[in-house]
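Participant: I'll drop the sequence and a predicted model, then ask my questions.
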Amino acid sequence: MKLLLLSLLSVLLFAAPLVAGVTAKKPLGSVLPVLLAIKGDAIELGKGPTDVYAFIDPRCPHSRDFVGMITESEKMQERYHYYFFLYAHPMFKSGAVINAIYNAPRPKEAMLDYMLKRAPLPKLNRLTPPAIHVKVTRIKTAAEQIGVDKRPYLILDKKKQP
């Protein structure tokens with residue numbers, strides 16, 4: 001299964017310019033300003049020169065496989081800088097999980113523990129903190145503007161080398 005997923009992602013990451021520099025719905029030039037506006041809301045992983053913006057759902061099995069593949073591959077973390085945006089897919093009803101991850105003291109660790117180790121998340125009070133609600137709303141608005149319709153949804157920004 002992991003080999004199949006790795007093959008599919010290799011095709012997506014290295015194939016046609018349509019996938020590498022453009023979403024299926026809009027050109028990168030129109031999507032990039034939207035992504036840059038929410039970049040501060042991302043959970044980051046990797047240090048590579050190519051930015052990968054990924055909309056994922058922490059309860060989605062495909063998102064879990066994708067994040068697992070990245071964490072297991074030092075090479076992928078060296079080649080790409082991942083910006084993960086937690087965006088609930090209606091099928092998985094992940095709103096509370098996303099709120100708990102963003103509200104955790106260390107969101108990246110909470111995301112990885114939950115998605116890869118199935119660790120429990122800290123409980124939220126009945127009310128989501130306003131700052132978390134604002135972040136989730138910003139990401140949702142950006143995703144709708146971009147046309148995100150599946151998880152994981154990847155957008156690559158290959159920076160020009162000098």
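Facilitator: The structure has been received and is ready for your questions. Residues are numbered from 1 along each chain as shown.
Participant: Count the neighbours of Gly29 for me.
Facilitator: As a burial measure, Gly29 scores 9 neighbours (other CB atoms under 10 Å). No exception for glycine: its C-beta is placed from N, CA and C like everyone else's.
Participant: where does this protein have low pLDDT?
Facilitator: 1-24, 124-126, 160-162 (pLDDT under 70).
Participant: What helices and strands are in contact with the biggest helix by length in it?
Facilitator: Longest helix of the chain, by residue count under DSSP state H: helix 130-146. Counting contacts by 3 or more CB pairs under 8 Å, 6 or more residues apart in numbering; DSSP states H and E, helix 130-146 is packed against helix 28-38, strand 80-86, helix 95-103.
Participant: Tell me what angle the longest one forms with helix 130-146.
Facilitator: Going back to what we said before, that points to helix 28-38. Angle of helix 28-38 versus helix 130-146, following axes from the mean of the first three to the mean of the last three CA atoms, to 10 degrees, is 180 degrees.
Participant: and what of the second one?
Facilitator: Orientation of strand 80-86 against helix 130-146 (the same axes, to 10 degrees) gives an angle of 110 degrees.
Participant: Show me how far strand 80-86 is from its chain's centre.
Facilitator: Its chain's C-alpha centre and that of strand 80-86 lie 5 Å apart, by CA atoms, centre = their mean, to the nearest Å.
Participant: before we move on, what about the longest one?
Facilitator: In this view, helix 28-38 has its centroid 14 Å away from the chain centroid, taken as CA atoms, centre = their mean.
Participant: ok, and what's touching the helix or strand following that helix?
Facilitator: Downstream of helix 28-38, the next assigned helix or strand under DSSP states H and E is strand 43-45. Residues from elsewhere that reach strand 43-45 (CB atoms under 8 Å, 6 or more residues apart in numbering): 70-71, 77, 81-86, 101, 107-108, 111.
Participant: that older thread, may I see the buried residues of the longest helix of the chain?
Facilitator: Ile132, Lys135, Val136, Ile139, Lys140, Ala142, Ala143, Ile146 (16 or more other CB atoms under 10 Å).
Participant: Please enumerate residues in contact with that helix?
Facilitator: With CB under 8 Å, 6+ apart, helix 130-146 has contacts from 23, 25-26, 31, 34-35, 37-38, 41, 55, 85-87, 95, 98-99, 102-103, 128, 153, 155.
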